[in-house]
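Engineer: take this sequence and fold it.
(chains A, B and C)
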Amino acid sequence: MRTIRRQTGHFLEDFRPGQLFRHKGGKTVTEGLFTTFTEFAMTANPLAKNARYARAYGFEGLVCPPGLTMLISFSQTVEDVSENARANLEYIDMRFGAPLYVGDTVEVETKVLSVKPSSSRPNLGIVHVQSTARKNVGARDEAVVLTWQRKVQVYKRDDDAELHPGEAAPDKVECELLLPPYDRARDYKALAHLSSPHSYFEDFELQTRIEHSRGRTMTSEHIHLTAVLDNTSQVHCNQFMIDQDPAQYVGGQLIIFGGIPFVLCLGLSSPDVGDNALGDIAYPTGRHTAPLFAGDTVFAATEITGKRDYPGRDDLGVLETKLLGHKFVKADGTAETEESPAGWKKTQIFELERHIAVKRRSHYA
Amino acid sequence: MRTIRRQTGHFLEDFRPGQLFRHKGGKTVTEGLFTTFTEFAMTANPLAKNARYARAYGFEGLVCPPGLTMLISFSQTVEDVSENARANLEYIDMRFGAPLYVGDTVEVETKVLSVKPSSSRPNLGIVHVQSTARKNVGARDEAVVLTWQRKVQVYKRDDDAELHPGEAAPDKVECELLLPPYDRARDYKALAHLSSPHSYFEDFELQTRIEHSRGRTMTSEHIHLTAVLDNTSQVHCNQFMIDQDPAQYVGGQLIIFGGIPFVLCLGLSSPDVGDNALGDIAYPTGRHTAPLFAGDTVFAATEITGKRDYPGRDDLGVLETKLLGHKFVKADGTAETEESPAGWKKTQIFELERHIAVKRRSHYA
Amino acid sequence: MRTIRRQTGHFLEDFRPGQLFRHKGGKTVTEGLFTTFTEFAMTANPLAKNARYARAYGFEGLVCPPGLTMLISFSQTVEDVSENARANLEYIDMRFGAPLYVGDTVEVETKVLSVKPSSSRPNLGIVHVQSTARKNVGARDEAVVLTWQRKVQVYKRDDDAELHPGEAAPDKVECELLLPPYDRARDYKALAHLSSPHSYFEDFELQTRIEHSRGRTMTSEHIHLTAVLDNTSQVHCNQFMIDQDPAQYVGGQLIIFGGIPFVLCLGLSSPDVGDNALGDIAYPTGRHTAPLFAGDTVFAATEITGKRDYPGRDDLGVLETKLLGHKFVKADGTAETEESPAGWKKTQIFELERHIAVKRRSHYA
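Structural biologist: As a prediction, this is how the structure comes out:
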């Protein structure tokens, strides 16, 4: 009997500038998927929890929080783009479009924008891609739900393989946050008790940093969560592979899929900055600055970097923020600082530029 | 940049007798939430598992088991009442109303009945509250699904803060178990094989104690389960916080949210006492008597303390019981007893007065 | 107060040849159950992920993957047949019928085919049963979804109890894979990018063995997964019981329910052999060859053993395969082999004869 060793996913030498992937699978948003991730991340926005509230605001029903839209869309690209990646380096120009509901089906395409060998590590290189997620392709309500670019560090299959370095121009993708209109006939104020009284657009001051109060300890649950998202990258779920060559893999242990701290930081921030948002507009840049492992406790903070009017909507404002995630790492002998207790070192794990469409108290409460 | 440290939840000095909380969020029951908790707890009653059976009994579809109705309703009160609590001391006068279905949205209000400082611990006190959960507020099928009181031990934000001790009278809340009528035209007997043949009203004898056969080991899954319920209390999910001051927190480790053993004991008891129930009527009193941690195995027993007719329904009886939960704690050198093997000590963790509406064999089998 | 120790499930002396169990409970497939297991197992077939694709193929909506149909059906039989089992020995003549959808309700019956005492262990014996799962009993779309036989090693309640050895003939159960017809009017090719381009019927060669590339580390999540399936066997979830008598239980630790590696091996194989299947037809034989524990990483391989026409459908072929599961066990001092790295021993855990209905490229791409 002849043995075939099938490999899934692409390696560095497989990518070509301008190449287009129409990703396999696609994903229908079930109530199981919706609940697992909305609640896992401690999302506080009633649009994602209370169907009565969501419908009163003109949405069709419970709305996927931005972190879930991102996780579902992003994960569809993993097999083709990053199943054999070492790390995801950067998120660029991520923009939200139509709201995503339970029952919608997401399908994603990706264009390769550039391929670059690593100067220092012969078995690695950087692939830059642009991806766009559409819902309900072919149906009346077909719409773009998310578009983004990312840079990812990908392994070579064969250290001596020839690469296809170069660049291709990104496509211009129409993708703007689609929100139900403000309707004076609706009694929004009757529902105001269901969201925080402290997170309207008027409440935010420039140049303030909000330390969100909650922390959340991650467990080996991350393996299951990652599988539920169709993220098949082996560095998140195959301990045997890592045990064979610990030095090759960050930390010598299973690394938590970056989408998990991404959505968790959004969730931890939501009581303070997301509770009166109608949607996230865009994430111009973002990156993971340190790996996360089972046993770590995740915290988040938000810096308010800008406030401006929302074009065409006087009921909303645009809040420009920086979302930061961190954990504390045991560091015996370290003295206490303003930020860390003795014996611990505060370590930033994530940062994201985040623009949010926030309700004005004047119109809603 | 100015730093703001937001705190979520209230502290002892924030509570005032008579104060009313209309809790934020609300919660729509999805099929994801339904399955996670119904099945986690090993619920055996076909009303919560088999839609054909539930509809044949006159329900609209799968019925939330009582433990799930309790968990959803209770958790809505956590941020305002017990996010900064040390322990939940007592459940009082918990009564069930309308059945809760997938698709229903629950919203909850709480009135503060009393505030009392602790005589022995200056940083703690007891808050007594009355909460009521309604479903589908504003719709034709709006109904109370659960009402209850509880006493909770809450931390002070500031040890020197002035309290507002005192009492307020509880509201009179109409809340009686709402069941579909018995209908002679329905062929209940054709479905009798789907529930236990041994748990009809006629089968129970006063002054018996049923040791339920199954045990269930809890894992760190409790962190995820607690988040799925919107229970944001940090003692269940923030290991870093506990590591900073282990002596301050029960056991120096994450304590499992009391709602978990509550619903697990109901589930473990269900093959013997819940399988032919149409609903739980009331829990007059209940309390957690020891903490539960990841790694513990939970067992349950039920004592039959009373049997009486169900007013207006000769197809049902009211079974009065005491539900008890326990675990075994390693205790090296302990001799074997009738209850515990050598080296282990049986430890009660939970007790609940429980009144159940149970089918009579004469009408159903 | 009198104490009653209720036992759930049957013991060896309770079984009689010819005996029929109409299992309690039944199970409605919710979106929570669907997502948990489809995704846990990394199922790649778009029929189970993408409702647009499934409907375009003539199905009513998302289709339960074969592993989920098997898990739901099988688990309904556990309380009566194997709650008090030591191990499941063999699957025999498992055949699939109608597709199972979200919203369907499954109910199962089992006939005892034989009871045999163990020659070597006085407290054990083998029970051989035949089970059939129907969906939507009494409704217009009532149909058989799965039928199978299995042999299970069951404990005696009392070592001295009298058994009822003997045999009964199996029933003839009509159960053939029900698929939507091929329809020339449908544009299947427009969806071809959603499944693998490498797994059409034409792509498989006889006498090849495909080593599937992905591995998946199991965690203590298995306890929760097993509960969600209504599998109440205590060897999967009651660590205290095992701690009392470790020698009595395989490995002295909680053993993972065999249904978990069963469905996981199906999932791990799906990118290579399941992605263009319209359904699994039959599993003539199967068995677990070694236990699986939390911490183990599961891998799978598929041997192509036969190819033949699908009767009456020239758009499909029947692929006959052997699905194999394995893990690596630490074995200090072991030399490297072709199959295992130094210090590890490759251990087969599962094997399954598997016949699959696979699309022909000529008709679909």
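Engineer: how many neighbouring residues does whichever residue of the stretch 1-150 of chain A sits closest to chain C have?
Structural biologist: Residue nearest to chain C within the stretch 1-150 of chain A (C-beta to the nearest C-beta): residue A:32, separated by 2.9 Å. C-beta coordinates here come from the backbone N, C-alpha and C atoms, glycine included. Here the count is done by other C-beta atoms under 10 Å in any protein chain shown, and residue A:32 has 28 residues near it.
Engineer: which residues does residue A:62 contact?
Structural biologist: A:34, A:47-51, A:54, A:101-102, B:28, B:30 (C-beta atoms under 8 Å, 6 or more residues apart in numbering or on different chains).
Engineer: swap the cut-off to 10 Å and go again
Structural biologist: Taking C-beta atoms under 10 Å, 6 or more residues apart in numbering or on different chains as the definition of contact, the neighbours of residue A:62 are A:29, A:31, A:34-35, A:38, A:46-51, A:53-55, A:99, A:101-102, B:28, B:30, B:105.
Engineer: ok so, going back, wait, isn't the residue of the stretch 1-150 of chain A closest to chain C in contact with residue B:32?
Structural biologist: Yes - counting by C-beta atoms under 10 Å, residue B:32 is a contact partner of residue A:32 at 4.1 Å.
Engineer: wait, what's in contact with the residue of the stretch 1-150 of chain A closest to chain C?
Structural biologist: Contacts of residue A:32 were listed using C-beta under 10 Å, 6+ apart, and they are A:102, A:228, B:30-36, C:30-39, C:102.
Engineer: now, which of those residues lie within helices?
Structural biologist: If you go by DSSP state H, the contacts of residue A:32 have A:228, B:31-36, C:31-39 in helices.
Engineer: closest to residue C:358 out of these?
Structural biologist: Distance ranking of those against residue C:358, using C-beta to C-beta, places residue C:38 first at 19.5 Å.
Engineer: the closest one: neighbour count?
Structural biologist: The number of residues packed near residue C:38 is 25, by other C-beta under 10 Å.
Engineer: up against chain C, what does the stretch 51-200 of chain A have?
Structural biologist: Remark: the part of the stretch 51-200 of chain A in contact with chain C comprises A:76, A:79, A:83-84, A:102-107, A:109, A:135-139, using C-beta under 10 Å from any C-beta of the partner chain.
Engineer: neighbour-wise, which one of those residues leads?
Structural biologist: When neighbours are counted as other C-beta under 10 Å, the busiest of these turns out to be residue A:135, with 29 neighbours.
Engineer: give the bridge partners for residue A:116, please.
Structural biologist: Using DSSP bridges, the bridge partners assigned to residue A:116 are residue A:126.
Engineer: I'd guessed it sits against residue A:163; true?
Structural biologist: Yes - taking contact to mean C-beta under 10 Å, the distance of 8.6 Å between residue A:116 and residue A:163 places them in contact.
Engineer: ok, the residue in chain A positioned nearest to chain B - contacts?
Structural biologist: Residue of chain A nearest chain B, by C-beta to the nearest C-beta: residue A:35 (2.9 Å). For residue A:35, the residues meeting the contact criterion (C-beta under 10 Å, 6+ apart) are A:48-49, A:62, A:102, B:28-36, B:228, C:31-32, C:35.
Engineer: before we move on, back to that, now narrow the residues of the stretch 51-200 of chain A next to chain C to whatever sits close to chain B.
Structural biologist: The overlap between those and the neighbourhood of chain B (criterion: C-beta under 10 Å from any C-beta) consists of residue A:102.
Engineer: from the residues of the stretch 51-200 of chain A next to chain C, which two are the most distant?
Structural biologist: Between any two of those (C-beta to C-beta), the greatest distance is 33.9 Å, for A:84 and A:139.
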